[in-house]
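Peer 1: Got a sequence here, can you build the structure:
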Amino acid sequence: MAAQTIEGTLIGGKWQSAPGTLPVLNPADRSEIATVGYGGRDEALAAADAAEAAFPAWSDMPGRARADILLEAGRALAGEAERIGHVLMQETGKRLPEAVAEVRFASEYFRWFAEQIRRPLGDVLSPEFPGRRHVSLRRPAGVAACLTPWNFPVSIQARKLAPALAAGCTTVSRVSEKAPLAAIEMFRCLTDAGLPVGVANLVHGPAGEQTEALLSHRAVRVVSFTGSTEVGRRIMALASERVVRPLLELGGNAPFIVFADADLDAALDGLLVAKFRNNGQSCIAANRFLVHESVYDEFRDRVAAAVEAMTVGDPAGDPAPDLGPLIDDARVEAVAKLVAEAEDAGGRKLSSGGRPPSGGSYTAPCLVEDVPTTSSIFEEEVFGPAAGLFRFETEAEAVGLANRTEMGLAAYFYTRDLRRSWRVAEQLEAGIIGCNSALPSSVYGPMGGVKQSGLGREGSHTGLEEFSDYRYVTWELGSGDQ
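Peer 2: Numbers count the residues shown, from 1 in each chain. From the prediction side, this is the model:
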């Protein structure tokens, strides 16, 4: 893609430039892909004004009409998956098959929530007194602010946009400046599908400045954010000032437990996906490998060999590598620091995959064993292709180690014991759990965390409810005597 200036700001149905510009870089070689307009507080407030103006008509539009638009947007996005996937690969460094799959997955959110709109939106309640009737109704909450990161910039934004629009909310989205291009293309699909003017707006600018502006706007009633726990806490504090509903998917520190009775072939395949998908840059990525002592040596050697055989390079290369670059040099340095601290604490580096090329934000995948559970690589989110291996003796010890974190977004475990699978699934303190599965995400599943990993759920019918308010109505009808 030749470098070009993109008018990626969408306010009130019009694509427009912004006061400043910001380059978007390809992390594979640090080349400039494009320049995107970069605004600030004024653009955020103007977008919220446009969403407020569009809210009455959109919220009162019949659900069938909204569903038709979202279905068309989903079809358009799926039809453009290959093209948008190439854009996504270039701006994030993820492998092309993963990038295309993300766009297709994003399209499914529009399809799912288009179907959900036409389902019942309330309940008729059984009265306890003669002459009285009760009904609960769901109504759109208002304008929703949708704030998303760079690691899955299309699918995470779709996971917020689709239910918000389906519920009848209008939206203002801010996507990460590190990877805005594929998200811009998704918004083009929405506008091409016939979304009315001002219903979905898109801005780019400093995260803190624009978030503060949006949360100060009188019409913003929901803020949906995916990102770090630290930033989530700040957004929650800002939201409290106007009692704006926070929907937060925050950081993770997922355990990956291999019990003695696990199918080791399946566990190895699952581990490679759960850890290294998107180059390890996923909130639900496996962070800590907990392996039963009876199979530890065998499993360690097999994982180490698989990691050693991995190739690292430009995802556009031929043949394509197993891993691409990280998003930027800061992420490379953060991962290297965690590995160095683990080694300083007595850990032993087991393997380091193929030599990364020069000229981009690359790092080799690596495993470290014999690391104290007080080390940073156990206690912090790695967000890159590195992990520590830890032994355990009993099921209770494994669950205890898995839960010994403030985070609670995702967890994985492998076992062939049905009774254990139920016990462990119920005991793990995580909102998303994969039992013998490394890909638990789905559009129909309620995605979200517990503890410091967030509030609320996205996806499923619950995702629609997050953008709705309930109205409870009681009628006094009398006895019927005239």
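Peer 1: State the helix or strand in which the spatially most central residue of the chain lies.
Peer 2: Nearest residue to the geometric centre of the chain (CA atoms, centre = their mean): I156, 4.3 Å. Using DSSP states H and E, I156 sits in helix 155-167.
Peer 1: picking up where we left off before, isn't the residue nearest to the centre of the chain up against T148?
Peer 2: Yes. Using CB atoms under 8 Å, I156 is in contact with T148, at 4.7 Å. C-beta here means a position set from N, CA and C on the backbone, and glycine is covered the same way.
Peer 1: anything in contact with each of those two?
Peer 2: Common contact partners of I156 and T148 (CB atoms under 8 Å, 6 or more residues apart in numbering): T226.
Peer 1: hang on, the earlier thing: for the helix holding I156, enumerate the helices and strands it packs against.
Peer 2: helix 63-79, helix 96-117, strand 143-148, strand 170-175, helix 181-192, strand 220-226, helix 460-465 (3 or more CB pairs under 8 Å, 6 or more residues apart in numbering; DSSP states H and E).
Peer 1: switch to 7 Å and redo it
Peer 2: helix 63-79, helix 96-117, strand 143-148, strand 170-175, helix 181-192, helix 460-465 (3 or more CB pairs under 7 Å, 6 or more residues apart in numbering; DSSP states H and E).
Peer 1: Strand partners (parallel or antiparallel) of the helix or strand bottoming out on mean pLDDT in the chain?
Peer 2: Here the helix or strand of the chain ranked lowest by mean pLDDT, DSSP states H and E is strand 348-352, holding a mean of 84. Sheet partners assigned to strand 348-352 using DSSP bridges are listed as strand 366-369 (antiparallel).
Peer 1: re the thing from before, just send the helices and strands packed on helix 155-167 back as a markdown table, with mean pLDDT and mean neighbour count too.
Peer 2: Listed next are those as a markdown table, based on pLDDT from 0 to 100; neighbours: other CB atoms under 10 Å:
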| stretch | mean pLDDT | mean neighbour count |
| --- | --- | --- |
| helix 63-79 | 97 | 19 |
| helix 96-117 | 97 | 22 |
| strand 143-148 | 98 | 28 |
| strand 170-175 | 98 | 28 |
| helix 181-192 | 98 | 22 |
| helix 460-465 | 92 | 20 |
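Peer 1: can you list those in TSV and add distance to G208?
Peer 2: As requested, those are exported to TSV (distance: least, CB to CB, whole Å):
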stretch	distance to G208
helix 63-79	30
helix 96-117	26
strand 143-148	11
strand 170-175	11
helix 181-192	19
helix 460-465	26
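Peer 1: looking at these, which is closest to K349?
Peer 2: Of all the helices and strands packed on helix 155-167, it is helix 96-117 that lies closest to K349, at 26.5 Å by CB to CB.
Peer 1: Now find how far off-centre the next helix or strand after the closest one is within its chain.
Peer 2: Once the chain leaves helix 96-117, the next helix or strand it forms, by DSSP H and E, is strand 122-125. How far strand 122-125 lies from its chain's middle: 33 Å, per CA atoms, centre = their mean, to the nearest Å.
Peer 1: what's the following helix or strand after strand 122-125?
Peer 2: Under the assignment DSSP H and E, the closest C-terminal helix or strand after strand 122-125 is strand 132-140.
Peer 1: Give the pairing partners of that following strand; include direction for each.
Peer 2: Neighbouring strands of strand 132-140 in its sheet, by DSSP bridges, are strand 122-125 (antiparallel), strand 468-476 (antiparallel).
Peer 1: That one versus strand 170-175: what angle between them?
Peer 2: Relative orientation of strand 132-140 versus strand 170-175 (axes from the mean of the first three to the mean of the last three CA atoms, to 10 degrees): 40 degrees.
Peer 1: Report the contact partners of R404.
Peer 2: If you count contacts by CB atoms under 7 Å, 6 or more residues apart in numbering, R404 has none.
Peer 1: actually G347, not the one I wrote
Peer 2: G347 touches 368-371, 375, 388, counting by CB under 7 Å, 6+ apart.
Peer 1: Need the contact partners of the least confident helix or strand of the chain.
Peer 2: Strand 348-352 is contacted from outside by 300, 304, 307-308, 343, 364, 366-370, using CB under 7 Å, 6+ apart.
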